[in-house]
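[1] fold the stuff below for me.
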Amino acid sequence: MRHVFLLLILLLFIVHGVSAQAKRPFFRPDTTLNKTKVWIAGGSTVGIYTGALVVLNEYWYKGYPRSRFHFFNDSKEWMGIDKCGHIYSSYVESRWATGIFRWTGMKERQAIWIGGMTGAFLQTSIEILDGFSEKWGFSGYDILANTAGSMMVIGQELAWKEQRITLKISAFPQSYPDDLRPRAKDLFGNTAVELFLKDYNAITTWASVSIGSFIKKPTKFPKWICVSVGYGANGLYGGFENRWCKDSNTDVLDCDPANVVDRTDVRRYPQFYLSMDVDFTKIKTRSPVLKSLFNVINVIKVPFPAVEFNPVDKVKVHPIFF
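    Predicted structure coming up:
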């Protein structure tokens, strides 16, 4: 899951938030196409995207051999957590890009479609890098997930002219058993960046629904109050099953049977959550600084009490869950 890519994208949220709200004319959205702003938006996107690829290579591809371009069927890998990450990443990037293109004065429907498909384009370019990596491969299912994230932005903008359902993410460090800690560290790392990047047992993807936005009659119910549903998984120590080779660079199918570690006794299971959340972008404020801050933090789920449903514990209550 390439969430490290979003850490740099957040810088663009800050720029966009300040640009859209500042009082100086240049920073306000134009009513007609401003070619200077188009160049600024395009140049900053290319520059930060390039930097993001450098960071992504450092945390994800470095140390793995390259190969000829090839495909890989990962539809059942990591119990769909990776696919949720693709949808989420594409959604956030598309939502940001739509705001940037509006700022340039582009026509509304053009800004929605071009900005909305930006996330799918950015994520697909990363997928091409996977295609040339020996450890992974180009995944058609990832492309579908990327497209779904972009279409979620486009569909809501066309239907409601706002985002009533917002995708968010949360991650909390897991306590792994002593005998599985080396495997978890080898797979997921132990830094904060790696936690959001690839600890599939720690990551939860959320869809936060603004109830007030769906109430047609005049109401004082705050639009920023959301009901949030989340999806995660537990017991994941391998992409498809809990079997791996002692040599981490060797696939279990190519591993000497004497070097295969079999931990299929550890159950892999999905986790579903019901919680509350806050859509910060729907909190009214005249402060450009606060609006910029709200755009940045709105990609992360707010810690709240949550009810978890899973096949092992059945129902589990968390006083605070993140």
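[2] pLDDT value on Thr31, please?
    Listed pLDDT for Thr31 reads 67.
[3] can you check Ser19 too?
    48.
[4] which residues of the stretch 51-200 of the chain score low on pLDDT?
    Across the stretch 51-200 of the chain, the ranges flagged by pLDDT under 70 are 58-60, 63.
[5] ranges for the helices of it?
    All helices of the stretch 51-200 of the chain, identified by DSSP state H, counting those that start in this stretch, fall at 81-103, 108-131, 140-160, 181-188, 192-198.
[6] most tightly packed of the ones you listed?
    helix 81-103 (a mean of 25; mean count of other CB atoms under 10 Å). In this view, the C-beta of every residue, glycine as well, is placed from N, C-alpha and C.
[7] same for that one, what does it pack against?
    helix 4-21, helix 35-56, helix 108-131, helix 140-160, strand 165-171, strand 203-210, strand 225-234 (3 or more CB pairs under 8 Å, 6 or more residues apart in numbering; DSSP states H and E).
[8] TSV for the helices of the stretch 51-200 of the chain, including distance to Pro218?
    Below are the helices of the stretch 51-200 of the chain laid out as TSV (distance: least, CB to CB, whole Å):
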stretch	distance to Pro218
helix 81-103	27
helix 108-131	26
helix 140-160	17
helix 181-188	49
helix 192-198	40
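[9] identify whichever of those helices lies nearest to Thr204.
    Minimum separation from Thr204 across these (CB to CB) falls at helix 81-103, 8.8 Å.
[10] kindly export that closest one (C-alpha atoms) in PDB.
    Taking C-alpha atoms only, helix 81-103 is exported to PDB below (Å, rounded to 0.1, in the frame of the first residue of the first chain):
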ATOM      1  CA  ILE A  81      -6.600  -4.400   2.400                       C
ATOM      2  CA  ASP A  82      -4.300  -3.400  -0.400                       C
ATOM      3  CA  LYS A  83      -7.200  -2.800  -2.800                       C
ATOM      4  CA  CYS A  84      -8.800  -0.500  -0.200                       C
ATOM      5  CA  GLY A  85      -5.600   1.400  -0.100                       C
ATOM      6  CA  HIS A  86      -5.600   1.900  -3.800                       C
ATOM      7  CA  ILE A  87      -9.200   3.200  -3.700                       C
ATOM      8  CA  TYR A  88      -8.400   5.500  -0.800                       C
ATOM      9  CA  SER A  89      -5.200   6.900  -2.400                       C
ATOM     10  CA  SER A  90      -6.900   7.500  -5.800                       C
ATOM     11  CA  TYR A  91      -9.800   9.200  -4.000                       C
ATOM     12  CA  VAL A  92      -7.600  11.600  -2.000                       C
ATOM     13  CA  GLU A  93      -5.500  12.500  -5.000                       C
ATOM     14  CA  SER A  94      -8.500  13.100  -7.200                       C
ATOM     15  CA  ARG A  95     -10.300  15.200  -4.700                       C
ATOM     16  CA  TRP A  96      -7.200  17.400  -4.300                       C
ATOM     17  CA  ALA A  97      -6.700  17.700  -8.100                       C
ATOM     18  CA  THR A  98     -10.300  18.700  -8.700                       C
ATOM     19  CA  GLY A  99      -9.900  21.600  -6.300                       C
ATOM     20  CA  ILE A 100      -6.600  22.700  -8.000                       C
ATOM     21  CA  PHE A 101      -8.200  22.700 -11.400                       C
ATOM     22  CA  ARG A 102     -11.100  24.700 -10.100                       C
ATOM     23  CA  TRP A 103      -8.600  27.200  -8.800                       C
END
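[11] quick revisit: for Leu53, find the nearest of the helices of the stretch 51-200 of the chain.
    When those are compared by CB to CB, helix 108-131 sits nearest Leu53, at 7.7 Å.
[12] what's that closest one packed up against?
    Short answer (3+ CB pairs under 8 Å, 6+ apart): helix 108-131 packs on helix 35-56, helix 81-103, helix 140-160.
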